[in-house]
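# Everything below, folded, please.
(chains A, B, C and D)
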Number of protein chains: 4
Amino acid sequence: MTVKVGINGYGTIGKRAAWAVSKQDDMEIVGVTKTRPSYEAKQAVAEGFPLYGACLEDVGEFDKAGYKCAGTLDDLLKKVDIVIDTTPGGIGAQYKAKYEVAGVKAIFQGGEEHGIAGISFNALANYHESWGARFVRVVSCNTTGLVRTLFPIDKEFGVERVIASLIRRGADPSDRRGSPLNSIEPSLKLPTHHGPDVQTIMPWLPIQTMAVVTPTTLMHVHCIAVDLKRKVTEEEVMNVWKKAPRVRLVSGKDGIKGTGQVMELARDMGRARGDMMEIVVWRDGTKVMDNHLYYYQAVHQESDVVPEIVDCVRAMCKMEQDPAISIAKTDKAIGLAK
Amino acid sequence: MTVKVGINGYGTIGKRAAWAVSKQDDMEIVGVTKTRPSYEAKQAVAEGFPLYGACLEDVGEFDKAGYKCAGTLDDLLKKVDIVIDTTPGGIGAQYKAKYEVAGVKAIFQGGEEHGIAGISFNALANYHESWGARFVRVVSCNTTGLVRTLFPIDKEFGVERVIASLIRRGADPSDRRGSPLNSIEPSLKLPTHHGPDVQTIMPWLPIQTMAVVTPTTLMHVHCIAVDLKRKVTEEEVMNVWKKAPRVRLVSGKDGIKGTGQVMELARDMGRARGDMMEIVVWRDGTKVMDNHLYYYQAVHQESDVVPEIVDCVRAMCKMEQDPAISIAKTDKAIGLAK
Amino acid sequence: MTVKVGINGYGTIGKRAAWAVSKQDDMEIVGVTKTRPSYEAKQAVAEGFPLYGACLEDVGEFDKAGYKCAGTLDDLLKKVDIVIDTTPGGIGAQYKAKYEVAGVKAIFQGGEEHGIAGISFNALANYHESWGARFVRVVSCNTTGLVRTLFPIDKEFGVERVIASLIRRGADPSDRRGSPLNSIEPSLKLPTHHGPDVQTIMPWLPIQTMAVVTPTTLMHVHCIAVDLKRKVTEEEVMNVWKKAPRVRLVSGKDGIKGTGQVMELARDMGRARGDMMEIVVWRDGTKVMDNHLYYYQAVHQESDVVPEIVDCVRAMCKMEQDPAISIAKTDKAIGLAK
Amino acid sequence: MTVKVGINGYGTIGKRAAWAVSKQDDMEIVGVTKTRPSYEAKQAVAEGFPLYGACLEDVGEFDKAGYKCAGTLDDLLKKVDIVIDTTPGGIGAQYKAKYEVAGVKAIFQGGEEHGIAGISFNALANYHESWGARFVRVVSCNTTGLVRTLFPIDKEFGVERVIASLIRRGADPSDRRGSPLNSIEPSLKLPTHHGPDVQTIMPWLPIQTMAVVTPTTLMHVHCIAVDLKRKVTEEEVMNVWKKAPRVRLVSGKDGIKGTGQVMELARDMGRARGDMMEIVVWRDGTKVMDNHLYYYQAVHQESDVVPEIVDCVRAMCKMEQDPAISIAKTDKAIGLAK
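Residues are numbered from 1 along each chain as shown, chains lettered A, B, ... in the order given. Got it, this is the predicted structure:
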């Protein structure tokens, strides 16, 4: 028996989650919702995902536009074990009551507050906290990125303090709202929410974050300074990340100088949608001085949380007890295996 | 027996040509050249394409960097029937003598002058001119784009005059040399070379072109005004393009408002590298008034010439006499079939 | 006696209009309105322009923020002969009734429909149409640009037909709403409104326009193809533009290759705010073939209408009968004299 | 008697230095050099700065292009007491011998190594080190920015440690070489040169820097984390910066959210070329927690070193002993007075 999954909000994350779930052998997509007829809705149908309107009105619009619509979100919720809420930030909170009434489990995204579920998820760091849970939040792309590289470092060496500056992309590649075209905008409210958000997963970690928004679309980049509890070597650090899941080491010497080349690499590797779901760390942009570690990493905001969502389904639906096995299974099915 | 193909210059076009050739059942990639060890060279090896250095020095560099290198370009030329020269613009001319000495056929790119081969190629418009030819130039991305939509319109209705403004992308997504960040630069030399370049394929076509460069990476966009020999309707025009190969009609009503969404569509469709090899014309950006036709089209500079290159191999190596059959075969193998 | 002028909306155009009016000896700024305390409002005060809130609520907000506020728009309207409405596009129409009740003349911007006033203005082309008028619209930056170069050409040689492609900037330099970061977006509704808008000034001109939006902030660029009624030489064309007011010839040979260098030139010339109020035409980007004229021009969307607004005040308030004298007077006062 | 100053390299910094020097009453511009006729050379002449070619060949080119050229750099060096070398990074080193032979003092820019002069300059921090010196280097825009805000903080509270991430602009607004259009590129070599460069002025300061390049043109932004020797309040910190020269406090609450609005403010203030020569610190982007200080600042790469250059002339030519008086004099003359 496969777990039946619905996607509420077939957008940037939703369409990737649908794809990743459909590649697993222990879960299946029962339907996806969309509020407006569009090329993405067309493509959902082409992929074989039954299309639902968020509400009755939407269904009418789809009918008018000539799309076959299988019903409303309410109809979909009757057919699923778990819904992945990939609606825009803050909207998930409005849907929670509906999911409760329907008696389905729900995964929210990092655009929602931790309090929406009381549990925040990262497969490597705290898989078991979500075991059998009704509601869980998978943390945002940036938080996922910070946890993926910091958790194994902390486990191996102990971390005294982290200071991270996040250079955020302004908008996604197909985002029409856009962003200031020629400006760097600091996130003035300090500390930014990213540090506390990491602490929903690693509450013991002393981390301060600053952030700016820049006019690019491809990836976020993090400048990270870590004080460790002991002296280490660069080799020791590299060995930790080599073994860590969903972390990829790249090198400027190979011509990968920035996010433009990281994305090109993903395209060349034949990744679906040209996605780089791993956190990318530059070998030659990593420096260790005594117990101080400095490194750069790039985070693909469109896709890095996608494998986490799949693992989260397994934890919540009690499908696999060992996080390592779930991670390996997820990654193999979507072509991420190390 | 399959035709043996070499790629000289495994870069933006070269890697796509290698992929497209390798998907055909009547031709195969014997090797690809690269001048420097890099992530693209690594990926060539991962794809199973034997790697050659452009010269002996390169081979040494590859050896030092731990890449297995199968020899030099000279070695490769001994093994192929035809070489696809995808070296940077102007460099192909320097290699021509080498290809002549080696006795292999060669396809050059649109960055070279027409005179390098004396024949310029577009599959739909003049396939037979290259029948059995020794050297042929496949025209540039912009010229290919103009010919794909104008040739069938001219054939059906007759064209009196074309005025086209080309809004060019500044650089490719992974291009590190970049381009002015916040400037629009007109191509001051008028008429620009694009009009005469179209005339290497359609010498009878009265076309004037202007061009600007803008700071984007995704696609070129053309604003095209055509005076036709007779009054037509928008429906008639659409019917021509619906039947034309490698032309895709999209609609702003579906949310495809610009090149950002066109590229997103290609990613969602599962296209290799997220490429949109067809020329994209906006239905709701096409206007007919009496015998005047105005339309916008988008050209994916990284990939639109790729299927043309495959067809060009077939024409030059006398593998298929009917261009329509070659086009259909090429497109089916790489997932473009209408 | 100087004419008393109020500015409703101290933003991109409003602050420049206030500055330009304040430089004339026959008119003065009585006050400017702003809806929110901000650095622009602070600067208005620093410039000595009395600050008014658009409504009573605004006045309260200014008080709270520690700005001295002279009253509301209603108070300001009692003190002026004419108001320059530089509110955002479409908002001017909502204010018209207020201006009527207050019995003041009003100038609207190109973001409003022609019908708001029934008269559209360009100083060179139709100054007298606004003589003594109650309400007039100064046309948009792009329309002003097209009229400035086309009107004198039409007058001298006669124009048969114009096809223009407008490459628009995505957002102004300080605009926080922004625009798609890496996309070219065609204006799908054809013909775009720019052609008909030129015809509000030159109703006899057969002009078709297409337009795209690109991710830059500095200027618009136009690619213009003109069929003239007779053969001309490039020298004849240049001589027309040399004599035309508010047209500046530049040359790629001097290093002015795009809008980035045009703006740098304006800064180097010591222009207020680094503005280039003239329409910039490239000498070496102008080509004449028989009776066909092709040229590129750049339009500084933040400032080109500003001198027109000043002249419009003079026409509406019957201050100067000869447009040439008004133009010369305006330009001398703000440093544009040829 | 005024000190006679030459500018070698009338580009981004050179033209501003010429302007700033010409505004002082104790120094004057004797001439400026340029290697190519261009709009900037034209403007130098328009400003009344005698134009020299870098070499005889240049003079010939200027003659051909119709510019009046007063001679070569060698001729200019005979007439000056001090030359400000504003040639591109690394080129200054090649000119040093020429300056030595000519027996003139010389100021180099931050693009040169500290070793070129052995003394690096910041007016506030180490004015006296350059007293009477033959050769001095004014540090780069980023280093100047870091020293301007950190030196007074260190003096007042004592600094234990600084970690700074520099988000650099990709290219200047009129730079035609450009930069990657849609990529964030980390400076892989760690620690970046910025920390050691600060230490050429403040050798005792424990500072580590990381840096990325982003596709914008306006300003750099720094994310700075400082450990202080004692607990402080935000008010104490603000009071330090309020008194510090060439530091400007701005606020997001006033609508200044990013570098786009900072530059707009400079334009609105009527600054020459729209320059913001002060380092801009966000009040509401500054956070103090115990002895930890976090803040964002923006650095106008085109202009922030300009007043430093003027002060450096005074120190080297022993014109004024008190740095505070020199700073005040410089700033008053160019409109920076607090």
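# how much does the host helix or strand of residue A:168 deviate in direction from strand D:159-169?
In this assignment (DSSP states H and E), residue A:168 forms part of strand A:159-169. For strand A:159-169 against strand D:159-169, the angle by axes from the mean of the first three to the mean of the last three CA atoms, to 10 degrees is 20 degrees.
# for stretch A:192-200, which positions count as buried?
Residues of stretch A:192-200 classed as buried: A:192-195, A:197-200 (neighbour count, 16 or more other CB atoms under 10 Å in any protein chain shown). All C-beta spots, glycine's among them, are computed from the backbone N, C-alpha and C.
# ditto for stretch A:83-96
Within stretch A:83-96, the residues scored as buried using 16+ other CB under 10 Å are A:83-87, A:91-93, A:95-96.
# which regions of the stretch 151-300 of chain A sit below the pLDDT cut-off?
Along the stretch 151-300 of chain A, no part satisfies pLDDT under 70.
# How about the residues of it by chain C?
Applying CB under 8 Å from any CB of the partner chain, we find that the stretch 151-300 of chain A lies next to chain C at A:170-171, A:173-183, A:215-217.
# at 10 Å instead, please
Residues of the stretch 151-300 of chain A found near chain C, taking CB under 10 Å from any CB of the partner chain as the criterion, are A:169-183, A:185, A:214-218.
# Is it possible to mark the buried ones in the residues you listed?
Looks like these have A:169-175, A:178-183, A:185, A:214-218 buried, using 16+ other CB under 10 Å.
# Which of these fall in strands?
Among these, the ones falling in strands (DSSP state E) are A:169, A:185, A:214.
# Which one of those residues is nearest to residue B:129?
Residue B:129 has its nearest neighbour among those in residue A:169, at 46.3 Å by CB to CB.
# so what's residue A:137 up against?
A:85, A:92, A:106-121, A:130, A:197, A:200, A:312 (CB atoms under 10 Å, 6 or more residues apart in numbering or on different chains).
# Closest to residue A:23 out of the ones in strands among the buried ones among the residues of the stretch 151-300 of chain A next to chain C?
residue A:169 (26.2 Å).
# I'd guessed that closest one sits against residue A:260; true?
No - using CB atoms under 10 Å, residue A:169 is not in contact with residue A:260; the gap is 11.9 Å.
# intersection of neighbour lists for the two?
Listed as contacting both residue A:169 and residue A:260 by CB under 10 Å, 6+ apart are A:216, A:218-219, D:182, D:184.
# filter those by proximity to chain B?
The subset of the shared contacts of residue A:169 and residue A:260 within reach of chain B, by CB under 10 Å from any CB, is A:218, D:182.
# can you name the two of the shared contacts of residue A:169 and residue A:260 that are farthest apart?
A:219 and D:182 (10.2 Å).
# now the helices: where do they sit in chain A?
A:12-22, A:39-46, A:56-64, A:73-77, A:92-102, A:123-126, A:141-157, A:194-199, A:234-243, A:259-268, A:306-316, A:323-333 (DSSP state H).
# Also within reach of chain B: list those from the ones in strands among the buried ones among the residues of the stretch 151-300 of chain A next to chain C.
Subset of these in contact with chain B: empty, counting by CB under 10 Å from any CB.
# can you list those in CSV and add distance to chain D?
Shown next, in CSV, are those (distance: CB to the nearest CB, whole Å):
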residue, distance to chain D
A:169, 8
A:185, 3
A:214, 4
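# Which single one of the residues you listed is nearest to residue A:255?
Using CB to CB, the shortest approach to residue A:255 within these belongs to residue A:169, at 21.3 Å.
# And the closest residue to the closest one other than its chain neighbours, how close does it get to residue D:177?
Nearest residue to residue A:169, sequence neighbours excluded (CB to CB, 6 or more residues apart in numbering or on different chains): residue A:216, at 5.0 Å. Distance check for residue A:216 against residue D:177: by CB to CB, to the nearest Å, it reads 19 Å.
# again, but for residue A:199
Shown here: residue A:199 relative to residue D:177, a distance of 44 Å by CB to CB.
# Over to residue A:276?
28 Å.
# next one: residue A:142
In this view, residue A:142 and residue D:177 are 32 Å apart by CB to CB.
# quick one, what contacts residue A:156?
Contacts of residue A:156 (CB under 10 Å, 6+ apart): A:228, A:232, A:236-237, A:239-241, A:243-244.
# again, but for residue A:231
Counting by CB under 10 Å, 6+ apart, residue A:231 makes contact with A:157, A:288-292.
# rerun at 8 Å
A:290-291 (CB atoms under 8 Å, 6 or more residues apart in numbering or on different chains).
# same question, residue A:183
A:215, C:174, C:176, D:216, D:218, D:257-261.
# now with 7 Å?
For residue A:183, the contact set (CB atoms under 7 Å, 6 or more residues apart in numbering or on different chains) comprises A:215, D:216, D:218, D:258-260.
# next one: residue A:273
Contacts of residue A:273 by CB under 7 Å, 6+ apart are A:16, B:267, B:274.
# quick check, nearest of those residues to chain D?
Using CB to the nearest CB, residue B:274 comes nearest to chain D of the contacts of residue A:273, at 14.1 Å.
# So residue A:39 versus residue B:95, what's the distance?
Distance of residue A:39 to residue B:95, given as CB to CB: 42 Å.
# Quick check: phi and psi on the residue nearest the centre of chain A?
Central residue of chain A (CA atoms, centre = their mean): residue A:305, 1.6 Å from the mean position. The phi/psi pair for residue A:305 (degrees, to the nearest 10) reads phi -80, psi -10.
# Name all residues that make contact with it.
Contact partners of residue A:305, counting by CB under 7 Å, 6+ apart, are A:13, A:110, A:138, A:141, A:144.
# and with 10 Å instead?
Residues counted as contacts of residue A:305 (CB under 10 Å, 6+ apart) are A:13, A:16-17, A:86, A:109-110, A:121-122, A:138-141, A:143-145, A:277, A:299, A:312.
# and what of residue A:105?
Counting by CB under 10 Å, 6+ apart, residue A:105 touches A:3, A:5, A:80-84, A:99, A:130, A:132-136, A:312-313, A:316-317.
# hey, what's the spatially closest residue to it that is not a sequence neighbour bridged with?
Using CB to CB, 6+ apart and skipping residues adjacent in sequence, the residue nearest residue A:105 is residue A:82, 4.1 Å away. Note on residue A:82: beta-bridge partners residue A:5, residue A:105, judged by DSSP bridges.
# Excluding chain neighbours, give the residue nearest to residue A:45 in space.
Computed as CB to CB, 6+ apart, the closest residue to residue A:45 that is not its neighbour in sequence is residue A:51, at 5.6 Å.
# need the residues of the stretch 151-300 of chain A near chain B, please.
Where the stretch 151-300 of chain A comes near chain B, counting by CB under 10 Å from any CB, the residues are A:171-176, A:178, A:181-182, A:215, A:217-218, A:250-251, A:253-275.
# so what's the spatially most distant residue from the centre of chain A up against?
In chain A, counting by CA atoms, centre = their mean, residue A:64 sits farthest out from the average C-alpha position, at 34.2 Å. Contacts for residue A:64 (CB under 10 Å, 6+ apart) come out as residue A:37.
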